[in-house]
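Participant: Turn this into a model:
(one chain, ligands or ions: 1)
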Amino acid sequence: MNLVFLGPPGAGKGTAAEQVAKEFKIPHISTGDLFRAAIKNRTELGNQVKEITEKGDLVPDSLTIEIVKERLKIADATGGYILDGFPRTIPQAEALSGFSNVTRVLNFVLDDAEVVERLSGRRVCRSCGRGYHVRFMPPKKEGVCDVCGGELYTRKDDSVESIHNRLEVYCEQTEPLISFYRSRDLLTDIDAKPSAAEVFEAVRKLLEDR
Ligand code: AP5
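Facilitator: Model prediction:
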């Protein structure tokens, strides 16, 4: 099961991917998470991508493609994977088809108003990376991760300015991937508006039926 999760920022790709990865025992590979880890660890890659990601622009294709190509060589990905946030441009999708065989693309569909509400209320654990939402998925104790007790923070790219930029970037550079994968008969739309539990159930059923 080689899956790609596509959709606008904040559509719930990461939330669903975490649950699908656990259910089907395949790794959840998020390019956004890989970049954030590099920034946190102040690596050379982190320094290169810090400003770009905080503004909500895209990291250059050559860099992103190389990172994913290397990540897919790791043994845990040989039995399947979920790519969350990659590909995000046509050149990335073309490159991916040269080094891996994608079996299904799930397109998480959500309108802009809902995207803004989800992203502006998102909180993330600084220690374990678990995601929350102040209204839709609040932690038991405000500002504290239920799982590890870590501090919850707001991502820099979840500022109003960056959210609007990310939506524009999505529209211009990522949306064309919908026709790219639909024309190859690989794409299934997922209504991302219901609760996270309902979205996961829809995805689980779809993947089990295949
Ligand atoms: P990335 O981390 O991939 O950001 P994104 O695509 O904008 O996606 P998000 O993580 O913001 O949203 P999501 O869909 O995973 O939603 P989530 O589940 O968290 O990338 C960050 C940056 O890295 C990019 O801007 C770019 O700079 C760079 N980058 C990454 N990949 C790249 C690439 N391929 N090429 C170039 N550059 C790249 O949910 C959002 C919120 O909603 C949470 O609070 C959650 O709790 C809540 N929520 C989730 N589901 C539901 C639900 N069903 N109902 C109610 N609330 C929900």
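
Participant: Thought residue 131 was touching residue 121, still the case?
Facilitator: No - Residue 121 lies out of contact with residue 131 (Cβ atoms under 8 Å); the separation is 10.8 Å. Any C-beta I mention is one placed from the backbone N, CA and C, and that applies to glycine too.

Participant: tell me the SS of residue 177?
Facilitator: helix (DSSP: H, G, I helix; E, B strand; the rest coil).

Participant: residue contacts, it?
Facilitator: Contacts here follow Cβ atoms under 8 Å, 6 or more residues apart in numbering; on that basis residue 177 touches 6, 87, 88, 89, 90, 93, 105.

Participant: Could you list the residues in contact with stretch 89-99?
Facilitator: Residues contacting stretch 89-99 (Cβ under 8 Å, 6+ apart): 4, 58, 61, 64-65, 68-69, 72, 83, 86-87, 102, 173-174, 176-177, 180-181.

Participant: Would you mark the buried spots in it?
Facilitator: For stretch 89-99, a neighbour-count test (16 or more other Cβ atoms under 10 Å) marks 89, 92, 93, 95, 96 as buried.

Participant: Nearest residue to residue 140 in space, ignoring adjacent ones along the chain?
Facilitator: Closest residue in space to residue 140, ignoring its immediate chain neighbours: residue 146 at 5.3 Å, by Cβ to Cβ, 6 or more residues apart in numbering.

Participant: and residue 10, that one's in a helix?
Facilitator: No - counting by three-state DSSP, residue 10 falls outside a helix, being coil.

Participant: Tell me the pLDDT of it.
Facilitator: pLDDT for residue 10: 95.

Participant: Same question for residue 193.
Facilitator: 97.

Participant: Touching, it and residue 113? I think so.
Facilitator: No - applying Cβ under 8 Å, one finds residue 193 not in contact with residue 113, separated by 10.8 Å.

Participant: which residues touch residue 135?
Facilitator: Neighbours of residue 135 in contact, by Cβ under 8 Å, 6+ apart: 117, 121.

Participant: Please identify which helix or strand holds it.
Facilitator: Using DSSP states H and E, residue 135 is not contained in any helix or strand.

Participant: so what's the backbone phi/psi at it?
Facilitator: Per-residue torsions, residue 135: phi -110, psi -50 (degrees, to the nearest 10).

Participant: Tell me where the chain has strands.
Facilitator: 2-6, 28-30, 81-84, 104-109, 122-125, 131-133, 152-153, 187-191 (DSSP state E).

Participant: now these in JSON lines, with mean neighbour count and distance to residue 54?
Facilitator: Output for the strands of the chain, formatted as JSON lines (neighbours: other Cβ atoms under 10 Å; distance: least, Cβ to Cβ, whole Å):
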{"stretch": "strand 2-6", "mean neighbour count": "24", "distance to residue 54": "22"}
{"stretch": "strand 28-30", "mean neighbour count": "22", "distance to residue 54": "17"}
{"stretch": "strand 81-84", "mean neighbour count": "24", "distance to residue 54": "19"}
{"stretch": "strand 104-109", "mean neighbour count": "21", "distance to residue 54": "23"}
{"stretch": "strand 122-125", "mean neighbour count": "21", "distance to residue 54": "14"}
{"stretch": "strand 131-133", "mean neighbour count": "19", "distance to residue 54": "18"}
{"stretch": "strand 152-153", "mean neighbour count": "18", "distance to residue 54": "13"}
{"stretch": "strand 187-191", "mean neighbour count": "16", "distance to residue 54": "28"}
